[in-house]
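Q: Following is a predicted model, sequence given first.
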Amino acid sequence: MSDTRKPEGGPSDGPKSQRRLGNRAIGERLRQMYEGVVDESIPDEFLKLLEEAEAAERSESGQPETGAS
Amino acid sequence: MTAPLPLPASEFKAALLEMVPHLRAFARSLCNDAVAADDLVQDTMLRAWKARDSFTPTTSFRAWTFTILRNVFYSEKRRSWRSTELSPEMAERTLVASDDPSKGMELVELRNALDHLPDDQREAIILVGAGGMAYEEAAQIIGCAVGTIKSRVSRARKALGEMLGGDKAPKALAGAPAITSGKAAFNNIMDQVSALSRES
């Protein structure tokens, strides 16, 4: 899903300045930041939120739970 | 009704729950405050739930939900959620989440560097660089041309590279005295990062 892009590239890629952090290292850190959150366990409140929304709809429409029609 | 077939509610709910970790990661990359980020995700979930009939499985569910999250983030006063400075709470959370302290510090540095990017570059690099999205999907979420995303990502990478690549940053940190608390680490990093961003 991620890979129509090249991991690195572009004309700006040369190690012109030794002080620059390379694209690969930046990419790794960005992924770590993101994946670190993805891997966290999800607090129950997220599930509860949807259940409540669902329950509210049901009681509004006065319908008991119905499956696919 | 003339709408194309939406997902049955139960499937939609399952798909939405499955997306929660990604929504949280996206939100937390956007606003440097874990509580505000989760709040943003919950708001997004409720909106998505209410709008579920407008989702058709021909589009990417991730792109659809991320678009909602982004709209919520940029609407109203939510923009102020992204503080100009990384909150100590977020920095500490980031540090604690990592079992390797130097890795944790790298991430705090990264979050701080992201703060210094213009909004359009930040969101582009978050989606493509952090979220691993194809340029096309990111373009769909942001609502701009693929070429625009590419150039924003490229500029963001360059800017981050400059902000993070200073001789001082990671190296000085690696040799720094043992970090005993998130707060100490945070202050240490903030000093170094702000020195760096002044230089550039």
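A: Cool, the structure landed.

Q: which residues of the chain score low on pLDDT?
A: Unless you meant another one, I'm taking chain A. Filtered on pLDDT under 70, chain A yields the residue ranges A:1-19, A:62-69.

Q: The intended chain is chain B.
A: Residue ranges of chain B with pLDDT under 70: B:1-4, B:76-85, B:166-200.

Q: all helices for it, in order.
A: For chain B, the helices defined by DSSP state H cover B:9-30, B:34-50, B:61-74, B:88-97, B:101-115, B:119-125, B:135-142, B:146-164, B:169-174, B:182-199.

Q: could you dump these to JSON lines with distance to residue A:38 and mean neighbour count?
A: To be clear about C-beta, it is placed using only N, CA and C from the backbone, and glycine gets the same treatment. Formatted as JSON lines, the helices of chain B follow (distance: least, CB to CB, whole Å; neighbours: other CB atoms under 10 Å in any protein chain shown):
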{"stretch": "helix B:9-30", "distance to residue A:38": "4", "mean neighbour count": "20"}
{"stretch": "helix B:34-50", "distance to residue A:38": "12", "mean neighbour count": "20"}
{"stretch": "helix B:61-74", "distance to residue A:38": "12", "mean neighbour count": "20"}
{"stretch": "helix B:88-97", "distance to residue A:38": "12", "mean neighbour count": "19"}
{"stretch": "helix B:101-115", "distance to residue A:38": "14", "mean neighbour count": "22"}
{"stretch": "helix B:119-125", "distance to residue A:38": "17", "mean neighbour count": "21"}
{"stretch": "helix B:135-142", "distance to residue A:38": "16", "mean neighbour count": "21"}
{"stretch": "helix B:146-164", "distance to residue A:38": "20", "mean neighbour count": "20"}
{"stretch": "helix B:169-174", "distance to residue A:38": "24", "mean neighbour count": "15"}
{"stretch": "helix B:182-199", "distance to residue A:38": "21", "mean neighbour count": "17"}
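
Q: Mind putting the ones you listed into CSV with distance to residue A:34?
A: Below are those laid out as CSV (distance: least, CB to CB, whole Å):
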stretch, distance to residue A:34
helix B:9-30, 5
helix B:34-50, 12
helix B:61-74, 12
helix B:88-97, 12
helix B:101-115, 10
helix B:119-125, 11
helix B:135-142, 13
helix B:146-164, 14
helix B:169-174, 20
helix B:182-199, 19
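
Q: Now do the contacts for the residue lying closest to residue B:148 once chain neighbours are set aside.
A: Nearest residue to residue B:148, sequence neighbours excluded (CB to CB, 6 or more residues apart in numbering or on different chains): residue B:139, at 7.1 Å. Residue B:139 makes contact with B:145-146, B:148-149, according to CB atoms under 8 Å, 6 or more residues apart in numbering or on different chains.

Q: Domains of chain B: list them as residue ranges, please.
A: B:9-81, B:88-199 (automatic domain parsing).

Q: Make JSON lines out of these and add distance to residue A:29.
A: Shown next, in JSON lines, are those (distance: least, CB to CB, whole Å):
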{"stretch": "domain B:9-81", "distance to residue A:29": "12"}
{"stretch": "domain B:88-199", "distance to residue A:29": "5"}
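
Q: Counting neighbours, what do you get for residue A:39?
A: By other CB atoms under 10 Å in any protein chain shown, the residues close to residue A:39 number 10.

Q: That one contacts residue B:21, doesn't it?
A: Yes. Counting by CB atoms under 8 Å, residue A:39 does reach residue B:21; the two are 7.5 Å apart.

Q: Just give me the closest of the contacts of residue B:139 to residue B:39.
A: The closest of the contacts of residue B:139 to residue B:39 turns out to be residue B:149 (CB to CB; 27.2 Å).

Q: how close does the closest one get to residue B:124?
A: 5 Å (CB to CB, to the nearest Å).

Q: Next, show the common contact partners of these two.
A: Jointly contacting residue B:149 and residue B:124 under the rule CB under 8 Å, 6+ apart are B:138, B:142.

Q: what's the most centrally placed residue in chain B in contact with, if anything?
A: What sits nearest the mean C-alpha location of chain B, by CA atoms, centre = their mean, is residue B:29, with 1.8 Å. The contact partners of residue B:29, by CB under 8 Å, 6+ apart, come to A:33-34, A:37, B:114, B:126, B:130-131.
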